[in-house]
Each structure stands twice: as C-alpha cells, then as structure tokens.
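In: One predicted model, sequence on top.
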Amino acid sequence: MPLGIAGSTVRRAQVGSIPAGLVVATRRLLSGCNVNSGQPKSRPIPQAGHQFRPPFALMTCPLIRPVSLLYEGLVRLMKRGPVRIARWGRCTLALVVATMLWSSAGASQTQHYPGASWELIPSAQSGWSDQRLDQAWAYAREIGSTAVVVVQHGSIVASWGETDSNLLLNSARKSLLSALIGIAVQADEVHLDDTLARLGIDDNPPSLTAEEKQATVHDLLEARSGVYHPANYETREMEIRRPQRGSHPPGTFWYYNNWDFNTLGAIYEHATGSSVFTAFAQQIAGPIGMQDFDAAKCRYSGGPSSRYPAYLFYASARDLARFGLLYLRKGRWSNQQIIPAAWVQESTQPYSITHGRTGYGYLWWTMALTGPSRVEAPPGTYWAEGNGGQIIFVVPAYDVVVVHVAREDNRHKVSNSDALRLIEEVLAARPGS
C-alpha cells in the first residue's frame, strides 16, 4: 500500500512568534523522547508507520495548567502501550518549556475580535498589497468564486462577493462538528475511548462485526475506524476508494470515511440530547456573533445506505470567518472560552498521512507530515474543506484566516485545488511577502 494512504504521525508545534533559538533548544530536548511508543500492542502497526496520539497540546495552555495537562497526557499515552520511562524526564522538561514559550508568546499579542459587524481595515493601514489582492480577486472571478473573506489580527483586510449568503458547506461541516465534540468532551458528555459496542452502534445489514464495534470515538474522529459500511452522502470517489469490510482493524488505517463522520453526528446527538444544528447555534454561532447562521435552514440527508444521516450545514463566508478566528484564538472569544484551548490544539494536529499530500487531525486537514504539502503555507496551518471549494483556512503563523465559498449549480463547480491556489494568491499579498 502506498505511503500516502495509511497514517504515520509526528509531533508538530505551532511556534508563532517564539524566538527561533528557543524553538531549536526545545526540539533538541524533544529529540530524546520516545514518541513512537504509543502504539497499542493489541493492534497491528499501520502499513505506513505508527499512529501516535499526543496528549492535549500543552503549548496553548496558560502557565497555571501545564503540570496537570502534562500528567493527563502521560497517563493517556501510557495506557496505549509500553513507554521508555527513562526518557520521560527529558520529554517532560521539553513539554513544560514549550508550554511556557507558547504562553508567553501568545500573551504578547493583542487579541482583537469583531463586534456586531466586522471592521474593514483599508490596505493603506493593513499593509496588504492592493496589486496582489486585485490579482487574487481576478482569479476568484475566473474560477467562479461566490465569496472570499480575508481576516488578519481580528479584522477584515479584504472581502469580495456575496459574503452574507448562506451556502451549503459540504464536508467543511465536519470541522464544525469537531468543535462541538470538543465542548462535549470537556462537559463529560462524550468519551473518546468509548467503543461502538459500548455505545450500542450498529447499522443496516450487513451489520457491523464484533471487530468493527471495537472502534472508538477517537478512531472515528481521525477517520480510522476500520468500518467500511456504505454511508449516506458519499461521493462517487469515496465509494471507489472504500476498502473492503474487515480489511483493516480499528485505529490502524486512514480512509476519508463518511460513515465515521455521520456516525459521530449521531453519537454527539445521543450523548447531549441536542441536534448538532441547535447546539452549534447556541454554543458557538450565538456567542461569537454569527450574523447569518440559521439552524432551521440546516438539514439532514439520509437514505437506505445507512442508519446515520449526514448533517448539512449552511453558512455565510463572513460567519465562517468568525469560526476560523475562534480557532485562531485557541477557542476563545473575547473574555469567554468557548472551545477548550487544548482541544483546538489537539484536533488540528496531523495524525495521518493522506492520499492528497496533507495530514489529518480530528475532522480538520493539516499540512503534510513529511515532504511538500498540497498547499504552500507555513507549518501549523490547518483548514476545513468541503467539495466545491468550501474552505476555512487558518494560518496561525500569520494570524490570518481566509474563507472561500462557492455556489454549486449544474453548470459550474469550483474545484478545491483552484480554491486553495486562490488562497495562496491571497497570502502572497500580505505584508512582507
């Protein structure tokens, strides 16, 4: 099997403005850690390497919390397999140092949020290149974009098109669900180690096997369930790529699987007693001031393939920019922590190598683990992506969010590759590029 399918993982910190010398020192400390010891003995090693799940990311936590979070992370790792205890001293020290560096770097930045409406900063003030932005806008018109919103330092620096139109997000919806699950995990409503068997999850005949029911919520978040049952709202490409039932044990193989994503929606709703749409409106859209989101306009898409429907979100570009800014700010909006900061960091780390020169986190796409990525952007960049060019692109290194959406019709559909190329054009207009 090619390397681009099954998952290998690596620890990657979003270093932001941390001095390079301190980063190098921390990386040297980390080089002594046995980061490959998290593979459970009871599961076969993935064909392309290990799967490693790091602890809640310490580098986004306030200084008062690193010790408790480090302890939680070590406990989780030790449960998953043998650990070389002798090396944990250096690893622990490195993680604490990284926590302090990240916290101090974040504290030095002014955090700005939009009010009831977005503030638009003119290019003369923001320093973005009018010429390069004009070129990007021309390309957006060429490929058929509906709207683009560019945010830096919490304000809009460029926007084009119908930014207030609610459009179908397709698979970008999955990153919205990841945020809800993070909130539910903190509330002790969703438990990542719960198996499908424990949750009573089954599906239409041919039903799930006993082995498939050993997949955990964690496996589903990473698209590693090993359950290759037909799913609702699949593309033809997904059907073609779907492995045979029973070909990979849970947790050992990455496959972009709508069965995993749809089932996660059902697990969330059963655990919380709320629909994903209502929960998103109440817990995220309302608190961050989304201007156009309407839960009543969202819908489910079911069918005979599976018991679990897809949950279809509709949202505007300017509202998705708020969601991207929420993640850029580590789940915090003004004085309210909406999504746990540790969850934001953990869910946007790469755990798998995909077939498209990217990494994959918990329903978020990331830069590639090794080699060139599908898109040119700094390390630590991550994004939500839906068919038809629906993208929320978060670049912590630049303090930037770029949103691209496109209306689909029978005559034209924007390709995701074209949308990502447009985002590269936009980033080339930033100050100092």
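Out: Right, received. Where do you want to start?
In: Okay, now the unreliable bits of the chain?
Out: 1-110, 410-411 (pLDDT under 70).
In: Quick check on the residue nearest the centre of it: phi, psi?
Out: The residue lying closest to the centre of the chain (Cα atoms, centre = their mean) is residue 364, at 2.3 Å. Dihedral pair for residue 364: phi -130, psi 140, per degrees, to the nearest 10.
In: Am I right that it is in contact with residue 382?
Out: Yes. Between residue 364 and residue 382 there is a contact at 5.0 Å, judged by Cβ atoms under 8 Å. Every C-beta, even on glycine, is put in place using the N, C-alpha and C of the backbone.
In: what's the domain layout of this protein?
Out: Split into domains by automatic domain parsing, the chain comes to 20-108, 111-433.
In: In a helix, residue 345, correct?
Out: Yes. Assessed with DSSP: H, G, I helix; E, B strand; the rest coil, residue 345 lies in a helix.
In: now for whichever strand or helix holds residue 325, which elements pack on it?
Out: Using DSSP states H and E, residue 325 sits in helix 317-328. Applying 3 or more Cβ pairs under 8 Å, 6 or more residues apart in numbering; DSSP states H and E, one finds that helix 317-328 makes contact with strand 147-152, strand 155-161, helix 173-186, strand 390-395, strand 400-405.
In: mind redoing it with 7 Å?
Out: Applying 3 or more Cβ pairs under 7 Å, 6 or more residues apart in numbering; DSSP states H and E, one finds that helix 317-328 makes contact with strand 147-152, strand 390-395, strand 400-405.
In: And the contacts of the first one?
Out: To tie it back to what came earlier, the one meant is strand 147-152. 126, 140, 156-163, 165, 317-318, 321, 325, 398-405, 426 (Cβ atoms under 7 Å, 6 or more residues apart in numbering).
In: Give me the distance from that strand to the chain's centre.
Out: Offset of strand 147-152 from its chain centre (Cα atoms, centre = their mean, to the nearest Å): 19 Å.
In: ditto for the last one
Out: The gap between the average C-alpha position of strand 400-405 and the chain average comes to 14 Å, counting by Cα atoms, centre = their mean.
In: Parallel or antiparallel, list what pairs with it.
Out: According to DSSP bridges, strand 400-405 forms sheet pairs with strand 147-152 (antiparallel), strand 390-395 (antiparallel).
In: Now distance to residue 118 and mean neighbour count too, for the ones you listed, in TSV please.
Out: Shown next, in TSV, are the strands paired with strand 400-405 (distance: least, Cβ to Cβ, whole Å; neighbours: other Cβ atoms under 10 Å):
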stretch	distance to residue 118	mean neighbour count
strand 147-152	8	25
strand 390-395	15	26
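In: Which among the ones you listed is found nearest to residue 131?
Out: Shortest distance between residue 131 and those, using Cβ to Cβ, is found for strand 147-152: 15.0 Å.
In: In contact with residue 163: list those residues for me.
Out: Counting by Cβ under 7 Å, 6+ apart, the residues that residue 163 touches are 147, 149, 316, 317, 318.
In: hang on, the earlier thing: outside of the helix holding residue 325, which residues touch it?
Out: Contacts for helix 317-328 (Cβ under 7 Å, 6+ apart): 114, 118, 147-149, 151, 154, 163-164, 288-293, 333, 338-339, 344, 392, 394, 396, 399, 401, 403, 405.
In: between the strands paired with strand 400-405, which gets nearest to residue 281?
Out: Closest among the strands paired with strand 400-405, using Cβ to Cβ: strand 390-395, at 17.7 Å.
In: Kindly tell me how buried residue 317 is, as a neighbour count.
Out: As a burial measure, residue 317 scores 28 neighbours (other Cβ atoms under 10 Å).
In: State the distance from it to residue 172.
Out: 11 Å (Cβ to Cβ, to the nearest Å).
In: ok, back up a step: now restrict the contacts of strand 147-152 to buried residues only.
Out: 126, 140, 156-161, 163, 165, 317-318, 321, 325, 398-405, 426 (16 or more other Cβ atoms under 10 Å).
In: right, and the residue nearest to the centre of the chain touches residue 175 too?
Out: Yes. At 5.3 Å, residue 364 and residue 175 qualify as touching, with contact defined as Cβ atoms under 7 Å.
In: For the two, list the residues in contact with both.
Out: By Cβ under 7 Å, 6+ apart, the residues touching both residue 364 and residue 175 are residue 384.
In: Report the distance from the helix or strand residue 139 falls within to the chain centre.
Out: In the assignment (DSSP H and E), residue 139 maps to helix 130-143. Here helix 130-143 is found 27 Å from its chain centre; the criterion is Cα atoms, centre = their mean.
In: Stretch 401-414 now?
Out: Counting by Cα atoms, centre = their mean, stretch 401-414 comes out at 20 Å from the chain centroid.
In: same thing with stretch 417-428?
Out: 19 Å.
In: what's the answer for stretch 392-403, then?
Out: With Cα atoms, centre = their mean, you get 13 Å for stretch 392-403.
In: Please apply the same query to stretch 264-277.
Out: The answer for stretch 264-277 is 19 Å, by Cα atoms, centre = their mean.
In: ditto for stretch 186-196
Out: Worked out by Cα atoms, centre = their mean, stretch 186-196 lies 18 Å from the chain centre.
In: and if you look at stretch 385-397?
Out: Using Cα atoms, centre = their mean, the offset of stretch 385-397 from its chain centre is 10 Å.
In: Dump that stretch to CSV, keeping only the CA atoms.
Out: Extracted as CSV, the C-alpha positions of stretch 385-397 are listed here (Å, rounded to 0.1, in the frame of the first residue of the first chain):
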residue,chain,number,x,y,z
GLU,A,385,-12.6,21.7,3.4
GLY,A,386,-15.7,20.8,1.5
ASN,A,387,-16.4,19.7,-2.0
GLY,A,388,-16.9,22.6,-4.4
GLY,A,389,-14.3,24.9,-2.9
GLN,A,390,-15.8,25.5,0.6
ILE,A,391,-12.7,26.3,2.7
ILE,A,392,-11.9,27.8,6.1
PHE,A,393,-8.1,28.3,6.1
VAL,A,394,-6.4,29.1,9.4
VAL,A,395,-2.8,30.3,9.4
PRO,A,396,-1.6,30.9,13.0
ALA,A,397,1.9,31.9,11.8
